[in-house]
Every structure is written in C-alpha cells, then in structure tokens.
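no sequence on hand, only this structure:
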Ligand code: AKB
C-alpha cells in the first residue's frame with residue numbers, strides 16, 4: 001500500500017485572529033509533517049512562539065507582496081498545502097485603500113503563482129464583504145449580484161474571480177469560503193467591521209459596559225472560531241472532485257444584531273450596559289453587506305455543518321473562556 005504523503009503546510013498571516021488558532025490545529029494533525037507560519041515582523045513572531053508550542057512549527061518573516069521571498073519559502077520547505085490568510089480587513093481598508101489593495105490583491109496573486117508553480121493545494125479566505133448593496137440580504141444565494149462598495153470587498157470579489165481563473169487555466173487546486181464575522185477569545189481581530197462582536201465580550205467582562213459603533217438593528221452573519229477552523233480543514237480534506245465552486249463558497253452559522261447580542265450577554269446573568277455611538281464608516285460598510293447566507297452548496301459539496309448555530313451557546317462559551325483568560329492575565333500581571 002502506498003504511504004500517505006505527509007502535509008507540509010504554509011500559513012500566511014499566521015499571527016492574525018484566524019491564523020493563530022489554525023496553526024495549533026494543524027500542528028496537532030497526525031498527517032502534518034511541518035507547519036511554516038509566516039508573520040510580518042519580530043513582534044508577531046514572538047507572539048506566535050509564545051502561544052504555540054510544537055516541534056512541527058517554524059516561523060518565517062514574510063511580506064506577502066514580495067513574490068521572490070514567498071517563492072523561496074514555499075520552495076525551500078517543499079510545501080504541498082497552503083492557507084493564505086494574510087490580508088487587510090474592511091475598516092482598515094477604508095482608511096488606507098491603496099495599502100489594502102496592494103496587500104490583498106498582490107498577496108493573493110503571489111500565493112496563486114506559488115501554488116501553480118509548486119502544485120500546492122491552497123485555501124484562501126474570501127468574505128461576505130464581496131457582496132454589495134444590490135445583493136439580496138436574506139439567505140443570500142451562492143451566485144447573487146455582487147457589486148461591493150468597499151476596497152476590501154472589491155479585493156475579495158476580484159480574488160474570487162482570480163481563484164477560478166487559476167483553477168480553470170492552470171488546474172490549481174484552490175478552495176475558498178466567504179467568511180462572515182469571526183468570534184473568538186484567543187486573538188483579537190484587527191481592522192474589521194464585525195470586530196465589535198468580539199470587543200463587546202472583553203468590555204462586558206472588564207467594564208460591564210460597551211459602546212457599540214453599529215446601530216442596534218444591524219444584522220450580520222457571524223461564526224464561532226471552532227466552526228471556522230473546522231470549515232477550513234474540512235474543505236481542504238475534501239476530495240478534489242467534490243469541490244465544484246472554485247470562486248468561494250457561502251458558509252453560514254449564526255446571524256444577529258447588536259441588540260440581540262446585548263440581550264444574550266445580559267441573559268448570562270451579568271450586569272451589562274450598552275450604549276450606541278454610530279461610527280459612520282463602519283455603519284456604511286455593514287449596511288452594504290448581507291444579513292444571512294444560503295450555504296446549501298457547501299453543505300452538499302463537502303459537508304459543511306457548523307456546530308455553533310445558536311447565539312446563546314456562543315455567548316456562554318465566550319464568556320466562560322474569556323473570563324478564565326482575563327483572570328489569568330490579571331494574575332500574571334500582579335505576581
Ligand atoms: C471584516 O469585518 O472586515 C471581516 C470580514 C467580514 O471579512 N471580519
């Protein structure tokens with residue numbers, strides 16, 4: 001019987017919200033030989049070294065816009081699987097559209113070139129930001145009209161088309177999902193419109209109050225991190241023939257408004273106050289996105305099936321783990 005090839009995986013943007021939780025999950029897999037994590041600078045490197053202890057992990061500094069460095073890291077480590085996560089999120093992208101376009105567009109182009117050259121199976125994270133104001137808002141279908149109005153959204157839509165181009169013309173095995181807002185307690189997100197849904201838990205536990213930058217009725221699709229990690233690993237493990245969509249799959253889990261999240265936190269028995277001070281840029285971005293997605297194609301093709309599809313369950317789990325984490329951090333600071 002032929003031996004199974006061990007996975008030699010490259011993860012870009014490894015110190016980010018998703019990367020920092022994907023790396024330990026990949027290191028734990030028996031069929032992983034090495035995980036090469038790329039980060040932007042020494043500070044990120046130190047952060048990752050502190051939170052992930054594994055003999056399988058090696059960390060490299062890489063600006064994904066640098067094609068030659070990207071190529072050398074893939075070649076020298078004989079990479080056969082890649083998760084390209086490096087990117088600039090929606091709110092930060094509106095502050096610096098040129099930089100967002102440069103990193104999001106050229107970073108993906110370089111990732112796909114490396115994937116083509118070394119035949120690397122690749123995952124790339126798209127986003128609900130690829131939708132726009134003319135996209136149907138509820139149970140958004142897989143292929144709706146898409147005219148995003150943010151730089152980040154434009155980059156994601158272009159990225160989806162580029163992935164399909166590389167799949168069709170060069171047979172690159174590229175797999176992608178449109179992530180909603182991701183909720184997690186380990187690493188904070190940075191520069192996104194959905195970040196409020198993480199910050200609220202920190203403020204609820206530390207201060208008992210939160211000032212929300214979005215209107216109380218702004219409904220957005222969201223997901224708990226364990227489902228995001230499971231989704232990425234499952235789509236990468238699926239047989240090549242089962243991946244019918246080479247742009248990006250809709251995947252859904254929960255959707256809620258800030259007011260519903262406020263109630264869920266209050267229902268946990270904590271005293272919690274919320275006030276609303278609308279940030280115009282964030283509100284404009286959120287209003288251009290959708291409320292919920294139809295993910296039947298992902299369910300059908302590769303078995304997408306989120307475990308955390310109830311807001312109260314996510315809320316309970318977040319408060320439980322985050323209060324333990326914050327308590328621990330406080331003790332580390334004190335002694
Ligand atoms: C953001 O808010 O920019 C991201 C996203 C939905 O892609 N979390």
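Done, it's in. Bear in mind that the values here come from a model prediction, so they are computed numbers and not experimental data. Numbers count the residues shown, from 1 in each chain.

list the contacts for the nearest residue to residue 38 once chain neighbours are set aside?
Leaving out its chain neighbours, the residue that sits closest to residue 38 by Cβ to Cβ, 6 or more residues apart in numbering is residue 62, at 3.9 Å. In this view, the C-beta of every residue, glycine as well, is placed from N, C-alpha and C. Residues counted as contacts of residue 62 (Cβ atoms under 8 Å, 6 or more residues apart in numbering) are 12, 38-40, 69-70, 73.

please apply the same query to residue 187.
15-17, 20-21, 51.

wait, which of the contacts of residue 62 is closest to residue 168?
residue 70 (22.5 Å; Cβ to Cβ).

which residue sits closest to the closest one in space, ignoring its chain neighbours?
Counting by Cβ to Cβ, 6+ apart, residue 70 lies nearest to residue 110, which is 4.7 Å off, once chain neighbours are set aside.

tell me how many other residues crowd the one you found.
The tally of other residues near residue 110 (other Cβ atoms under 10 Å) stands at 24.

where does it fall, secondary structure wise?
Following DSSP states H and E, one finds residue 110 within helix 107-118.

could you report the neighbour count for residue 46?
13.

which residues of the stretch 101-250 of the chain lie near the ligand?
Residues of the stretch 101-250 of the chain that fall close to the ligand, judged by Cβ under 6 Å from any ligand atom: 127-129, 152, 179-181, 192-194.

the same query, at a cut-off of 5 Å, please.
127, 129, 181, 192-194 (Cβ under 5 Å from any ligand atom).

which SS class is the spatially closest residue to residue 135 that is not a sequence neighbour?
Spatially, and ignoring its direct neighbours in sequence, residue 135 is nearest to residue 144 (4.7 Å; Cβ to Cβ, 6+ apart). For residue 144, the assignment made with DSSP: H, G, I helix; E, B strand; the rest coil gives coil.

look up phi and psi at residue 144.
phi -90, psi 180 (degrees, to the nearest 10).

same check on residue 81?
phi -150, psi 140.

so it is in contact with residue 120, correct?
Yes - with contact defined as Cβ atoms under 8 Å, residue 81 reaches residue 120; the gap is 6.5 Å.
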